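1. After the sequence you'll find the predicted model.
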There are 2 protein chains.
Amino acid sequence: VGEFDLIERYFRVPSQQMIERLAASQRPLLGIGDDCALISLAGKPGEVTAISSDMLVEGVHFFSDVAPRHLGHKALAVNLSDLAAMGAQPKGFTLALSLPRIDEPWLADFSLGLFALAEQFACPLIGGDTTRGPLNICITVFGSVASSNVLRRSGARQGDDLWVSGSLGGAAWALSRLEQKRISFTSAIEIDALQALEQPTPRVELGKLLAAEGLANSAMDLSDGLSGDLAHLLAQSRVPGVLLDWDNLPWHECLKNASDAEKIRFALQGGDDYELLFSADSTHREALLKLTTTLPLPLTRIGSLSVLPGIRWRNAPKDLPALALGQAFNHFNRN
Amino acid sequence: VGEFDLIERYFRVPSQQMIERLAASQRPLLGIGDDCALISLAGKPGEVTAISSDMLVEGVHFFSDVAPRHLGHKALAVNLSDLAAMGAQPKGFTLALSLPRIDEPWLADFSLGLFALAEQFACPLIGGDTTRGPLNICITVFGSVASSNVLRRSGARQGDDLWVSGSLGGAAWALSRLEQKRISFTSAIEIDALQALEQPTPRVELGKLLAAEGLANSAMDLSDGLSGDLAHLLAQSRVPGVLLDWDNLPWHECLKNASDAEKIRFALQGGDDYELLFSADSTHREALLKLTTTLPLPLTRIGSLSVLPGIRWRNAPKDLPALALGQAFNHFNRN
């Protein structure tokens, strides 16, 4: 079996099969095999295209021994999470892959994880590139959203409630365990945290509903930790600060017995949550709590946006270490 | 100066400045800074979006000591070349960049080459990702083309004339010199060959004209060498073979005194030409020769598509080594 036959087998064929299963209106006009893919991104009048690109590097974004299936899932998930944060419907993605060698079991497993998630969101692989080199996965994803509904980082207003989906800190806690070579995850809670790290669920349905129903004034996805990401949201919205309620933060269950410092480290400064952070008028509280059951997905009101600068706390423990806005994960500072 | 300030300075600021210079209709709705870029890709009714993604890896696609400015140019050029091959108008691109370290002179120079070419084709940088890791550049480019005019690889017909733009083999010849550590390029011809390798000009105007005027039945860009790329065009068009005219091949001037074996190696099997290969009805010969002067860009009729399988030659030298369709550059086989 030749090298390019394997690429054909694990990428082009599954892509073609998935596209054939899609409704006609969801199919790209031209998939893998020509100089470009062709896709009709102009669904309805007023719709615009949302585009995001993320690059995952071995040793920086994932460990060398991660299951390729989880890597395939995560590489697409982090991009779909960006679409979710804009309220966009996924339409397709390209995959550029640099591989040190052609490794059939690796490709088979990676492809499995990638296409399982693609299938779940009806988001087909439409093109890309494969080359030799240090392991690097670059996915670019395309979605559609009505321009009048787009969720931006810049729309937050003073007085907005601040909400977050799911729970915080599980992924960073699991990462920390893996970094300490503690690779055994046994309880359901521990396994859930590991899954948050390796197979995050992009909050696409939530994003689409927030956009379509006009329930949020601003939104972003949490990739680098609440405190750092929140700083971006506030800066782009020109809102000076936030009042957070310590008791209302949706700590991942794995942090139940953690110290306050650990909670801060994993849930506020840790990365990889891929939950949606959004601000909303207080008039939407009831509607948002209803979403919790219809999605179903926990949505938690964690505080409110304020004219007073920085992060202030309600119900904080007495010895809470100081925490500035913007203390977050930085790939360039990480060893 | 912080690391992210440099990214801001060399990517976000030039992107913003370029976008401000664009006509209102060419501007993205939202550029770098949110979870996604927003772009209106539905220009006119019947237009579809062409998308291509290419990844360049240090040591595979370029030498470590290439001028960063040329690398910035080439990374975008190879993607624009894919749009050209479909007849699409460039609309924007994303850049995902993995860097071993933050090197300000490198970033400044890379950015210069990247934005100079982006400016030339009114194709703004609209988003992307920067991370730490082995040097890797992944660009994804978006363009628009009327669906009825798209140039595909699959449209060639038996009897079509086969045409190619520009000249062939200069880039591969220059690459071969660099591989032999012969880094001195002095004559105008040698410098032109080096430029073909390091700063190819994507044939966007040619592609758009071929598409808009309906002058070509099929097209693709030459990235892996004429003989390999031609095999793809024929296979996708289900045309068995081609009759090529040796005397009509537009050898790059640097191959004037080359042996026949060298001509084959550089111009037929060598890669990186980034010229357009296209097939056309013989009724369009006059119109195509006119394009040569209006563009201006040499267009050469190199043969015709045939029912007889494989590559056959007219005017070939007697001792011409056998050449099969599909003998082309392969990144995985390259050392």
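-> Perfect, I can see it now. What you see is a predicted model, and the numbers here were worked out from it, not measured in a lab. Residues are numbered from 1 along each chain as shown, chains lettered A, B, ... in the order given.
2. show me what contacts A:Phe115?
-> Neighbour list for A:Phe115: A:14-15, A:18, A:72, A:125 [criterion: Cβ atoms under 8 Å, 6 or more residues apart in numbering or on different chains]. For every residue, glycine as well, the C-beta is placed using N, CA and C.
3. List only buried entries from those.
-> A:14-15, A:18, A:72, A:125 (16 or more other Cβ atoms under 10 Å in any protein chain shown).
4. Pull out the buried positions in stretch A:138-149.
-> A:138-146, A:149.
5. Is chain B within reach of it?
-> Yes. Stretch A:138-149 lies within reach of chain B by Cβ under 8 Å from any Cβ of the partner chain, at A:138, A:140, A:142-143, A:145, A:147.
6. And the helices in the stretch 51-200 of chain A, which stretches?
-> Along the stretch 51-200 of chain A, the stretches classed as helices by DSSP state H, counting those that start in this stretch are A:68-86, A:104-120, A:170-179, A:188-198.
7. A:Gly33 is in contact with A:Phe11, correct?
-> No. If you go by Cβ atoms under 8 Å, A:Phe11 and A:Gly33 don't touch, sitting 11.0 Å apart.
8. who has more neighbours, those two?
-> More crowded of A:Phe11 and A:Gly33, by other Cβ atoms under 10 Å in any protein chain shown: A:Phe11, with 22 against 17.
9. a strand runs through the more buried one, doesn't it?
-> No. Read with DSSP: H, G, I helix; E, B strand; the rest coil, A:Phe11 is helix and lies in no strand.
10. tell me the contacts of it?
-> So, once contact is read as Cβ under 8 Å, 6+ apart, A:Phe11 ends up touching A:32, A:95, A:111, A:125, A:128, A:130.
11. change it to 10 Å
-> A:32, A:95, A:97, A:107, A:110-111, A:114-115, A:125, A:127-128, A:130 (Cβ atoms under 10 Å, 6 or more residues apart in numbering or on different chains).
12. Okay, it and B:Leu29: tell me how far apart.
-> Distance check for A:Phe11 against B:Leu29: by Cβ to Cβ, to the nearest Å, it reads 31 Å.
13. is the one helix or strand A:Gly228 maps to up against chain B anywhere?
-> A:Gly228 belongs to helix A:226-237 when assigned by DSSP states H and E. Yes. If you take Cβ under 10 Å from any Cβ of the partner chain as the test, helix A:226-237 does meet chain B, through A:232, A:235-236.
14. picking that back up, of the contacts of A:Phe11, closest to chain B?
-> For the contacts of A:Phe11, the minimum distance to chain B (Cβ to the nearest Cβ) is 5.2 Å, reached by A:Gly128.
15. Count the residues that sit near the closest one.
-> Other residues lying near A:Gly128 total 26 when counted by other Cβ under 10 Å.
16. burial of the closest residue to it other than its chain neighbours, as a residue count?
-> Residue nearest to A:Gly128 in three dimensions, not counting chain neighbours: A:Leu95, with 4.0 Å by Cβ to Cβ, 6 or more residues apart in numbering or on different chains. Residues lying near A:Leu95 (other Cβ under 10 Å) number 27.
17. you'd agree A:Leu95 is up against A:Thr140?
-> Yes. A:Leu95 lies in contact with A:Thr140 (Cβ atoms under 10 Å); the separation is 8.4 Å.
18. Break down the stretch 201-335 of chain A into its strands, ranges please.
-> Here the stretch 201-335 of chain A has its strands, by DSSP state E, counting those that start in this stretch, at A:218-221, A:241-245, A:276-280, A:299-306, A:310-314.
19. out of those strands, which comes closest to chain B?
-> strand A:218-221 (5.6 Å).
20. for that closest one, packing partners?
-> helix A:68-86, strand A:161-165, helix A:204-213, helix A:226-237, strand A:276-280 (3 or more Cβ pairs under 10 Å, 6 or more residues apart in numbering or on different chains; DSSP states H and E).
21. 7 Å instead, please
-> helix A:68-86, helix A:226-237, strand A:276-280 (3 or more Cβ pairs under 7 Å, 6 or more residues apart in numbering or on different chains; DSSP states H and E).
22. Make JSON lines from the ones you listed and add mean pLDDT to it.
-> Formatted as JSON lines, these follow (pLDDT from 0 to 100):
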{"stretch": "helix A:68-86", "mean pLDDT": "96"}
{"stretch": "helix A:226-237", "mean pLDDT": "93"}
{"stretch": "strand A:276-280", "mean pLDDT": "98"}
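23. Export those as TSV, with columns for distance to B:Glu213.
-> Converted to TSV, the helices and strands packed on strand A:218-221 look like this (distance: least, Cβ to Cβ, whole Å):
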stretch	distance to B:Glu213
helix A:68-86	37
helix A:226-237	45
strand A:276-280	48
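24. Next up, the contacts around A:Thr49.
-> A:41, A:142, A:144, B:38-39, B:41 (Cβ atoms under 7 Å, 6 or more residues apart in numbering or on different chains).
25. Check the burial of A:Ala37 by counting its neighbours.
-> 28.
26. Distance of it relative to A:Pro124?
-> Where A:Pro124 is concerned, A:Ala37 sits at a distance of 9 Å (Cβ to Cβ).
27. can you list residues touching both of these two?
-> Common contact partners of A:Ala37 and A:Pro124 (Cβ under 7 Å, 6+ apart): A:Pro28.
28. still on that earlier bit, most tightly packed of the helices of the stretch 51-200 of chain A?
-> Mean neighbours per residue, mean count of other Cβ atoms under 10 Å in any protein chain shown, is largest over the helices of the stretch 51-200 of chain A for helix A:68-86, with a mean of 26.
29. and that one, what does it pack onto?
-> strand A:47-57, strand A:89-99, helix A:104-120, strand A:136-146, helix A:204-213, strand A:218-221.
30. try 8 Å
-> strand A:47-57, strand A:89-99, helix A:104-120, strand A:136-146, helix A:188-198, helix A:204-213, strand A:218-221 (3 or more Cβ pairs under 8 Å, 6 or more residues apart in numbering or on different chains; DSSP states H and E).
31. which ones are touching A:Asp229?
-> Applying Cβ under 8 Å, 6+ apart to A:Asp229 gives the contacts A:220-223, A:277, A:328.
32. What parts of the stretch 101-250 of chain A come near chain B?
-> So far as Cβ under 8 Å from any Cβ goes, the stretch 101-250 of chain A lies against chain B at A:102, A:126-129, A:131-134, A:136, A:138, A:140, A:142-143, A:145, A:147, A:150, A:152-154, A:219-221, A:236.
33. re earlier: the residue nearest to A:Gly128 and A:Val141 touch, don't they?
-> No. Under the criterion of Cβ under 8 Å, A:Leu95 makes no contact with A:Val141, lying 9.9 Å away.
34. between the helices and strands packed on strand A:218-221, which gets nearest to B:Ser81?
-> helix A:68-86 (24.9 Å; Cβ to Cβ).
35. quick one: the closest one to helix A:188-198, angle?
-> Interaxial angle, helix A:68-86 versus helix A:188-198 (axes from the mean of the first three to the mean of the last three Cα atoms, to 10 degrees): 70 degrees.
36. Quickly note the distance from A:Leu308 to A:Ser237.
-> Taking Cβ to Cβ, one finds A:Leu308 at 15 Å from A:Ser237.
37. Comparing those two, which residue is more hemmed in?
-> Neighbour tally, A:Leu308 and A:Ser237, criterion other Cβ under 10 Å: the higher count belongs to A:Ser237, 20 against 11.
38. Quick check: closest non-adjacent residue to that one.
-> A:Ala156 (3.6 Å).
39. A:Ala75 now?
-> Spatial nearest neighbour of A:Ala75, excluding adjacent residues (Cβ to Cβ, 6+ apart): A:Ile137 at 4.5 Å.
40. what pLDDT does the one you found get?
-> pLDDT, A:Ile137: 97.
41. what's it in contact with, if anything?
-> Applying Cβ under 8 Å, 6+ apart, the residues contacting A:Ile137 are A:55-56, A:71, A:75, A:95-98.
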